[in-house]
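Asks: coordinates only, no sequence provided:
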């Protein structure tokens, strides 16, 4: 079983930066695909970014490409999301997520993930 705990959310202004962190634990966590999903008020969860276990392959939603960067440190079982040039439409709850071990080498949709954290709130004011 995988446990994921996010931190780093907060209230920022448009144009600011924020870095989210996720500490992961569980069998095989260092060799599985991990990523981020977010949910804006009144909307469904949407895929944000994903990273292969090696860190060599990444995928991003079109809405965050060029602004967000996902990274991981397998020595610490940590996943990060660096968010730059934040916009009000980036507001939402951000969830750290993980695929099942051996279940593909990357992720491109929220349905690819099997485990989720409790989420951290990000609010971007205009």
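Replies: Cool, got the structure. Computed from a predicted structure; not experimentally measured.
Asks: any idea how far the spatially most central residue of the chain is from residue 98?
Replies: In the chain, the centroid-proximal residue (C-alpha atoms, centre = their mean) is residue 36; its distance is 2.0 Å. Look at residue 36 and residue 98: by C-beta to C-beta, to the nearest Å, they are 11 Å apart. (C-beta placed from N, C-alpha, C; glycine too.)
Asks: can you list the strands that the lowest-mean-pLDDT helix or strand in the chain pairs with?
Replies: Across the helices and strands of the chain, mean pLDDT, DSSP states H and E gives its lowest value to strand 115-116, namely a mean of 94. Using DSSP bridges, strand 115-116 pairs in its sheet with strand 92-98 (antiparallel).
Asks: where does this structure dip in pLDDT?
Replies: In the predicted model, the chain carries no residue with pLDDT under 70.
Asks: I'd like the next helix or strand past the helix or strand harbouring residue 6.
Replies: Residue 6 is located in strand 3-7, with elements delineated by DSSP states H and E. As assigned by DSSP H and E, the chain's next helix or strand after strand 3-7 is strand 10-13.
Asks: list the neighbouring strands of that next one plus their orientation.
Replies: Here, using DSSP bridges, strand 10-13 pairs with strand 120-125 (parallel).
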